[in-house]
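Engineer: Just a sequence and a predicted model for now, questions to come.
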Amino acid sequence: MKILLPPSEGKAPASAGAPLDLPELSAPDLNPQRKKVLATLQRVSEREDALDRLGVGASLAADVERNVSLDTVACAPALLTYSGVLYEAMGAPELVAQATGSEDLARRLRNVHVFSALFGQVNGLDPIPAYRLAMKTDLGTLGKLSAWWKPILAQSFTVDPAEVILDCRSSDYRAAWPGPHEQVVTLGAVKVSGTKRNVVSHWAKYYRGELVGRLLWDDRGLPSSVDELLSRAEESYEVEFTPHAKNKPAALTIVLRD
């Protein structure tokens, strides 16, 4: 099984650690493209109109300034660099800490893949710096990054035909690698109040993270089939499952009731 996560908008700069070393990252075939995006991002981040080009406000000026030095600042495992509701709910710091003494858990974390506008995709233990760049950003010569990465990731990120792929990403990151619909299961949440059903966004991130954390901590290992994934989810939540269609992946939905 592979678990696909979105990056968080906010990222936690490492207080200590070695600088970025692309050969240390998984998927080394992506390194020429990673270098290209990194160099372009550094040039854009030095411009007077960098905030506008990157689509961020003045409050994030320090993040954009840090982009210029991404090849020299300290790095930390991806699951510690990305922050926010989803990563807090999955207990990312505790998982990374425990993985140092458990190869089984470390193997599970390497099956967690965060899709990134800068790196294409990294696994949960890959050491990366805190950066500011979104997949929807147009970097000028590279264009919109979701479109730029799509053919590259189609060649690089391959999955075994028998693998289950739990997809917790947002639409911009799904666009960069949609995956085979017959293997992908998207994860969402709805709030039910009487006869009304509403898709939830903020809390969907929380429940995605919580379920992912439960799967990663489980000594039974990650599910090896859609049926097993559904059974594991049903142990903790009320869920609905919609099988994949010709042009859509399957959907696992956590149902929240008043």
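Structural biologist: Received, thanks.
Engineer: how far does the lowest-mean-pLDDT helix or strand in the chain sit from the chain's center?
Structural biologist: Sorting the helices and strands of the chain by mean pLDDT, DSSP states H and E puts strand 196-199 at the bottom, at a mean of 84. Centroid displacement of strand 196-199 relative to its chain, using Cα atoms, centre = their mean, to the nearest Å, is 25 Å.
Engineer: do the same with stretch 2-17
Structural biologist: Taking Cα atoms, centre = their mean, the mean C-alpha location of stretch 2-17 is offset from the chain mean by 8 Å.
Engineer: in it, what's buried?
Structural biologist: 2-8, 11, 13-14, 17 (16 or more other Cβ atoms under 10 Å). Just so you know, the C-beta spots here come from the backbone N, C-alpha and C atoms, and that holds for glycine as well.
Engineer: what's the answer for stretch 94-110, then?
Structural biologist: 95-96, 99, 105-106, 108-109.
Engineer: ok, now stretch 81-94?
Structural biologist: For stretch 81-94, by 16+ other Cβ under 10 Å, it's 81-92.
Engineer: Next: stretch 171-182.
Structural biologist: For stretch 171-182, by 16+ other Cβ under 10 Å, it's 172-177, 179.
Engineer: Any idea how far the helix or strand Val114 falls within is from the middle of the chain?
Structural biologist: Using DSSP states H and E, Val114 falls within strand 112-116. Computed by Cα atoms, centre = their mean, the chain-centroid distance of strand 112-116 equals 4 Å.
Engineer: Same check on stretch 145-163?
Structural biologist: Mean C-alpha position of stretch 145-163 versus that of the full chain (Cα atoms, centre = their mean) differs by 14 Å.
Engineer: Export that stretch to PDB, keeping only CA atoms.
Structural biologist: Written as PDB, here are the backbone C-alpha positions of stretch 145-163 (Å, rounded to 0.1, in the frame of the first residue of the first chain):
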ATOM      1  CA  LEU A 145       3.900  23.300 -11.800                       C
ATOM      2  CA  SER A 146       1.100  20.700 -11.700                       C
ATOM      3  CA  ALA A 147       1.200  20.500 -15.500                       C
ATOM      4  CA  TRP A 148       5.000  20.600 -15.600                       C
ATOM      5  CA  TRP A 149       5.400  17.700 -13.100                       C
ATOM      6  CA  LYS A 150       2.600  15.600 -14.600                       C
ATOM      7  CA  PRO A 151       4.500  13.800 -17.400                       C
ATOM      8  CA  ILE A 152       7.600  13.500 -15.300                       C
ATOM      9  CA  LEU A 153       5.800  11.900 -12.300                       C
ATOM     10  CA  ALA A 154       3.900   9.600 -14.700                       C
ATOM     11  CA  GLN A 155       7.200   8.100 -15.700                       C
ATOM     12  CA  SER A 156       8.800   8.200 -12.300                       C
ATOM     13  CA  PHE A 157       6.100   7.300  -9.700                       C
ATOM     14  CA  THR A 158       5.000   3.800 -10.700                       C
ATOM     15  CA  VAL A 159       3.100   1.400  -8.600                       C
ATOM     16  CA  ASP A 160       2.700  -2.400  -8.600                       C
ATOM     17  CA  PRO A 161      -0.600  -3.400 -10.200                       C
ATOM     18  CA  ALA A 162      -1.700  -5.100  -7.000                       C
ATOM     19  CA  GLU A 163      -1.000  -2.100  -4.700                       C
END
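Engineer: What residues sit buried inside it?
Structural biologist: Of the residues in stretch 145-163, 145-146, 148-149, 152-153, 156-157, 163 count as buried by neighbour count, 16+ other Cβ under 10 Å.
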